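>>> Following is a predicted model, sequence given first.
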Amino acid sequence: MSILETRDIVKQYAQHRALDGVSISIPRGTIFGLLGPNGAGKTSLIRIINQITGPDAGEVFFDGRPLDSSHIGRIGYLPEERGLYKKMKVGDQLLYLAQLKGLSERQAMDKLRIWFTKFDIKTWWSKNVEDLSKGMQQKIQFVATVLHEPDLIILDEPFSGFDPINANLIKDEILELRDRGSTIIFSTHRMESVEELCDHIALINRSRKVLDGPKKAIKEQFKTHTYHVEYQGSIEGMNPVFHVLESIPLEDGFTRSNIQIPPDAAVNDLVRALIDRVAVRSFGENIPSMNDIFIQAVGEVPTT
Amino acid sequence: MKTIFLILKREYLVRVKKKSFLIMTFLTPLLMTGLWLVPVYMATKNVDVKRVEVVDESNLFGKTFKNTKELNYQFVKTPIEQAKKNFAKSGYDVLVYIPKQIIQQPNDLKIYAENNVSLTIQSGIEDSIEQEIENIKLLQAGIDRKVLDDTKVRVSADTYSLSEEGERDSSSGAASAIGYLCAIMIYGTTFLYGAQVMRGVMEEKTNRIVEVIISSVKPFQLMAGKIIGVALVGLTQFMLWIMLTIGLSSVMSSVLGVERPQPVAMQMAGGAGAAAMQDVQGAKPAQRTSSNVVTKALKAVGTLNIPLIITCFLIYFIGGYLIYSALFAAVGSAVDAEADVQQFMLPITIPLILSFIMAQFVIRDPNGTMAVWLSMIPFTSPIIMMVRIPFGVPIWEILVSVTLLVLGFIGTAWLAARIYRVGILMYGKKPTYRELSKWLFYKA
């Protein structure tokens, strides 16, 4: 069952329709990649899920019920534009934000203690936020997002501003949150992290959903039935159904070729034909990367 | 409700803990105490004696100049040219030259000094000579000075207010003073705390924390919490100011030995009263007769309905603050930077400044048509009604005015909230009034 479902969401701004009949369904316990070029409508959708704005038409269901203010405490949101009160102490600020999400002061305190130990940031408690580096502030904001153990966590570009070490730390936290049962909506332009983390994706382009489903199924849908092979010798004179797209001689005397086969052909036949002719060093299917899929679906290169 | 409380608690604590709050809170009573104590203290202190050399060619003014605490006159027979030459070494501070034909040509009087002559000395000497010439001329006409003095009668009336409860002392002087003081306080604090609300809203917007907050609370709750929180900061500051000022003044005055009637201060256990008393007292502290004036003024203040004034002051302070701070919040939400604030300030500043200016006319005619109307309109009533109340306003008028004030607040808050909820999420472009009006009709 899905934790969140939107049905035919429409959001209209003065001159511009930001969302046009967007329906997505987010399965519980997954990391759901919400992808799309700039201005596609991702932020509008996220704001509707967070009840910051309401849709002009369509419905949102949380846990099978229409979304309302009782769900606020079950959602955690890390916006793309980060922000904290600069002149407020880290500890006070986290307590405040947690209480706004419905935690009691004592509950918030207990949970904060765990996170401060985990991230080894105990000394930051009584520092003003403005005295922390940007990366440190990001960490604090991440803690603020997940502190109330929300069922649904919405992360908008969570890795921007982190160095590789801290980005890894956050990545591990996201995976751990998923394994403990939270659902994560992950909005990003960085396809390599989508590749790494997401179970499901939805792609929004020009206010409409253009792709949606489990990552594997989408990759299956986009695959081109091409294979790469590295070999010594010549593959001339193979059955013409095996269409050689290109052949690149490598420096060590080997050649690398990309070969396309018809969708109904068996891969084994290709392998057999290859073995008969050349000495094969490696063979594999060309699986489309998320980047390829993005470009193909949207028609432009993802920019950060 | 719980969320609003959380928000206002944060707004309150953050502001109260600020260094600038502490400095303002403790420095202001010091300044206020100083403001009335310093002149009193200076007046009781000895003043430097100035030595004045008088060359009187007319020989008419020998008895005119009486030595005072500040001025010591010395008549010399030296010719003026000589006196001028020796002046620098003579040790005198001022040289006065009265020519022979002073009666015919009074403008020939000359006063010399090393530096500029102070206005008090100049006018003192001029007055003395003027009066003596007048005396001489009167005598020549056959009139004795005494006769003339007898013809000058001073009239001073006590004012009373006649109402159904009968006759009672009223003092339009005290009423004006208190009314004006209330107007100034409401005017000043509305700007002071309204601007704080605005800056708070802008801080949240430019920090971008607002998106996180309103994913947890409704924009209206955030706005309301901020406005109430800042209002409580204002009330705290008032209370501290009043207590510190009363405390400091009594300590300082006992240290300096300045007389100050205490019982009346106790009678008026309220801010407006206490501050007004200082105002009345501070007005003429240097005069010897001041204690008389002060007691009279305090008695006059005592005739006013102090509890009513204080109650109304609190109502109108809170009402006025709420109306304007909602507008300030809307302005803060609409702009990205302090520099863009100016274009939206007019709707706020114009009614405020207008009512402050009108207050001076209302004081002259507190029950005129204009005064009554202005004290009904919610945007002007906080200031104008407070000016009128010390003069006595029928209860029904106050009730109508307060009702309108509450309705006005609800209207402004609704308007402001609708601008606010759109504004806090709008970045980048400078909005215009036309766009703001469109925001009013956006679906949330």
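Alright, I've got the coordinates.
>>> How much space separates A:S282 from A:F254?
Distance from A:S282 to A:F254, counting by Cβ to Cβ, to the nearest Å: 9 Å. The C-beta positions use only the backbone N, C-alpha and C, and glycine is treated the same way.
>>> would you list every one of the helices in the stretch 201-304 of chain A?
A:215-222, A:267-277, A:290-298 (DSSP state H, counting those that start in this stretch).
>>> hmm, back to that, spit out the residues that contact A:S282 and A:F254 alike.
In terms of Cβ atoms under 8 Å, 6 or more residues apart in numbering or on different chains, A:S282 and A:F254 are both contacted by the residues A:E230.
>>> hmm, back to that, quickly compare the helices of the stretch 201-304 of chain A and say which is most buried.
Mean neighbours per residue, mean count of other Cβ atoms under 10 Å in any protein chain shown, is largest over these for helix A:290-298, with a mean of 18.
>>> any residues touching that helix, and which ones?
A:35-37, A:191-192, A:194-195, A:201, A:203, A:205, A:210-211, A:215, A:218-219, A:222, A:288, A:301-302.
>>> Put the buried members of these into a ChimeraX selection.
Buried residues within the contacts of helix A:290-298, by 16 or more other Cβ atoms under 10 Å in any protein chain shown, are selected in ChimeraX with:
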select /A:35,36,37,191,194,201,203,205,211,215,218,219,222,288,302
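>>> which residue sits closest to A:T30, ignoring its sequence neighbours?
A:D199 (4.1 Å; Cβ to Cβ, 6 or more residues apart in numbering or on different chains).
>>> hang on, isn't the one you found packed against A:I26?
No. Taking contacts as Cβ atoms under 8 Å, A:D199 lies outside contact range of A:I26: 10.2 Å.
>>> any residues in contact with both of the two?
A:F32.
>>> Neighbour count for those two, which is higher?
A:I26 (22 against 17; other Cβ atoms under 10 Å in any protein chain shown).
>>> residues contacting the closest residue to chain A within the stretch 151-300 of chain B?
Using Cβ to the nearest Cβ, B:R208 is the residue of the stretch 151-300 of chain B that sits closest to chain A, at 3.1 Å. Neighbour list for B:R208: A:P79, A:E81, A:R82, A:G83 [criterion: Cβ under 8 Å, 6+ apart].
>>> swap in B:Y442?
B:R418, B:V422.
>>> List the buried residues in the longest helix along chain B.
If you go by DSSP state H, chain B has its longest helix at helix B:219-256. Of the residues in helix B:219-256, those buried under the neighbour-count criterion (16+ other Cβ under 10 Å) are B:219-231, B:233-235, B:237-238, B:240-242, B:244-246, B:248-249, B:252-253.
>>> near chain A, anything from it?
No. Helix B:219-256 lies apart from chain A when judged by Cβ under 8 Å from any Cβ of the partner chain; the minimum separation is 8.5 Å.
>>> Show me what that helix is packed up against.
Packing contacts for helix B:219-256, counted by 3 or more Cβ pairs under 8 Å, 6 or more residues apart in numbering or on different chains; DSSP states H and E, involve helix B:2-16, helix B:19-44, helix B:172-207, helix B:262-267, helix B:271-283, helix B:306-334, helix B:395-423.
>>> Sketch out the low-pLDDT regions of the chain for me.
Going with chain A. Counting by pLDDT under 70, chain A has low-confidence residues at A:300-304.
>>> Correction: the question concerned chain B.
Ranges of chain B meeting pLDDT under 70: B:43-48, B:69, B:154, B:156-171, B:256-303, B:443-444.
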